[in-house]
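Undergrad: Show me the folded form of this:
(4 chains)
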Protein chains: 2
Amino acid sequence: MAIPRAAKTLRRTRIQEEKEEQILEAALDVFSARGFRGSTIDQIAEVARMSKPNLLYYFRTKEAMHRALIDRVLYTWLEPLRAFDAEGNPEEEIRSYIRRKLEMARDFPRESRLFANEVLQGAPHIEDELKGPLKQLVDEKAEVIRAWTKSGKIAECDPYHLIFSIWSTTQHYADFDVQVRAVLGQEHAGDERFEDAARFLEQLFIGGLRPNTPAT
Amino acid sequence: MAIPRAAKTLRRTRIQEEKEEQILEAALDVFSARGFRGSTIDQIAEVARMSKPNLLYYFRTKEAMHRALIDRVLYTWLEPLRAFDAEGNPEEEIRSYIRRKLEMARDFPRESRLFANEVLQGAPHIEDELKGPLKQLVDEKAEVIRAWTKSGKIAECDPYHLIFSIWSTTQHYADFDVQVRAVLGQEHAGDERFEDAARFLEQLFIGGLRPNTPAT
DNA sequence: CGGATATTTGACCGATTGGTAAACATTACA
DNA sequence: TGTAATGTTTACCAATCGGTCAAATATCCG
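TA: Numbering: from 1, shown residues only, chains lettered A, B, ... in the order given. Prediction:
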């Protein structure tokens, strides 16, 4: 008889690692495209090329799958904000934060949509993460920005709304990709589109935050 | 025997108007909160305080409900962009566009989330609207903005990405409301939050688009 | 090898899904 | 008022949902 999954081994086998990886990869595909409620275990099983009971051998419920996925992705997702350096040059820090976030929207759109789906539907599964680790990190970085504004290195502004606006503008290219494509058409595809967006956003934020622009 | 719904009357009765209104109101509640696939007809029926078969008397399928809702909301949703006036003062036009979009995010968050859910999941039901009417309108307004940049009234910039960034920053406050709340905490609730956002975004966009800032 | 353990699967379950059929109730209107 | 058209509901359907179970199979290790 197999050991009940809750008490499953102290050491994880090679197969466990591989299969769990395989499942979470498939789960990312499905959850990010259809949201939690819109996804079915069968769909994930199909993408993962496993039988449904086999998935449920590794993750006892659909929720457990989702939670494991969120946990794995969340840390990485906040990496760019964490890299925000109080000692650095403000303009350069903001510029590179924008670029990093934009790169993530380009390279990891599924991860972006996973969170977008979740938050959009009221964040029923990640409320704690939002109010805990996320808020804490944002508070910390907001303080850094506040210091920059106080010292006149960048224009006086609300640091929280600054962060929100960087999140929204960059993630837009992942979350609303089909809309962006529909509007821009087939021209301006791929990297060109990415570069255009980067150029615009840098201009917008650097210009918009320039301290005390000498009277016009 | 009732007339088959497809051929249902040329004139719509009072009851039809009322009930369809009632259903679409409920459908907006449910679809915007859970996405199309995550919503069930029963949930809509409960919110609408009708029996499920009664809903299906007015809308033959879940899809028909969704489509009717999209159609009704889309026109209104694009109103602010349509108001964008080529003859107006660029700075003032942009400022009021931002404000209008922000007001819509505040006053009609369900409508915003309805589209966000749809687009996020690949826009399977509104692809045509995106590639047709939406693209057309955006193209037209992008041309207006282009003229402003050419004449030096605002800084040279990509008009499409400008529009995207106004969409994303403003709609963020509707679509990611729970995240915004989680990060900002209970302080800065309601109107104060709205005013803070408006002030920041105006500063960002007006500053970021100021033409040829005199050398720093 | 051989037995213990870990993995995989087909068959199945009750609940829920979108949707239908037909009886029943209400309304509009001549 | 009567009756035809419109509106509503109860009972139901097949398909799909998340999840279980026991049997079958593969793997590990002495």
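
Undergrad: what about the longest helix in chain A?
TA: Assignment by DSSP state H gives helix A:14-38 as the longest helix of chain A.

Undergrad: If we go by neighbour counts, what in it is buried?
TA: A:19-20, A:22-24, A:26-38 (16 or more other Cβ atoms under 10 Å in any protein chain shown). C-betas here are computed from N, CA, C, even on glycine.

Undergrad: same deal with stretch A:169-186?
TA: A:169-184.

Undergrad: which two in these are spaced the farthest apart?
TA: Maximum pairwise distance among those (Cβ to Cβ): 19.2 Å, between A:T170 and A:A182.

Undergrad: Chain A: helices as residue ranges?
TA: A:14-38, A:41-48, A:52-58, A:62-77, A:79-82, A:90-107, A:109-120, A:127-129, A:135-150, A:159-175, A:177-184, A:190-208.

Undergrad: any chance of the ones you listed in a markdown table, with mean pLDDT and distance to B:S151 too?
TA: Output for the helices of chain A, formatted as a markdown table (pLDDT from 0 to 100; distance: least, Cβ to Cβ, whole Å):
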| stretch | mean pLDDT | distance to B:S151 |
| --- | --- | --- |
| helix A:14-38 | 94 | 43 |
| helix A:41-48 | 98 | 52 |
| helix A:52-58 | 97 | 60 |
| helix A:62-77 | 96 | 42 |
| helix A:79-82 | 95 | 37 |
| helix A:90-107 | 96 | 28 |
| helix A:109-120 | 98 | 37 |
| helix A:127-129 | 94 | 48 |
| helix A:135-150 | 96 | 33 |
| helix A:159-175 | 98 | 26 |
| helix A:177-184 | 97 | 24 |
| helix A:190-208 | 93 | 18 |
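
Undergrad: Kindly reformat those as CSV containing distance to DNA strand C.
TA: Listed next are the helices of chain A as CSV, based on distance: least, Cβ to the nearest atom of the strand, whole Å:
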stretch, distance to DNA strand C
helix A:14-38, 4
helix A:41-48, 8
helix A:52-58, 3
helix A:62-77, 12
helix A:79-82, 31
helix A:90-107, 30
helix A:109-120, 18
helix A:127-129, 22
helix A:135-150, 33
helix A:159-175, 24
helix A:177-184, 23
helix A:190-208, 36
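
Undergrad: is it possible to export those helices to a markdown table including distance to B:F108?
TA: Shown next, in a markdown table, are the helices of chain A (distance: least, Cβ to Cβ, whole Å):
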| stretch | distance to B:F108 |
| --- | --- |
| helix A:14-38 | 21 |
| helix A:41-48 | 32 |
| helix A:52-58 | 39 |
| helix A:62-77 | 29 |
| helix A:79-82 | 30 |
| helix A:90-107 | 26 |
| helix A:109-120 | 15 |
| helix A:127-129 | 24 |
| helix A:135-150 | 27 |
| helix A:159-175 | 18 |
| helix A:177-184 | 18 |
| helix A:190-208 | 26 |
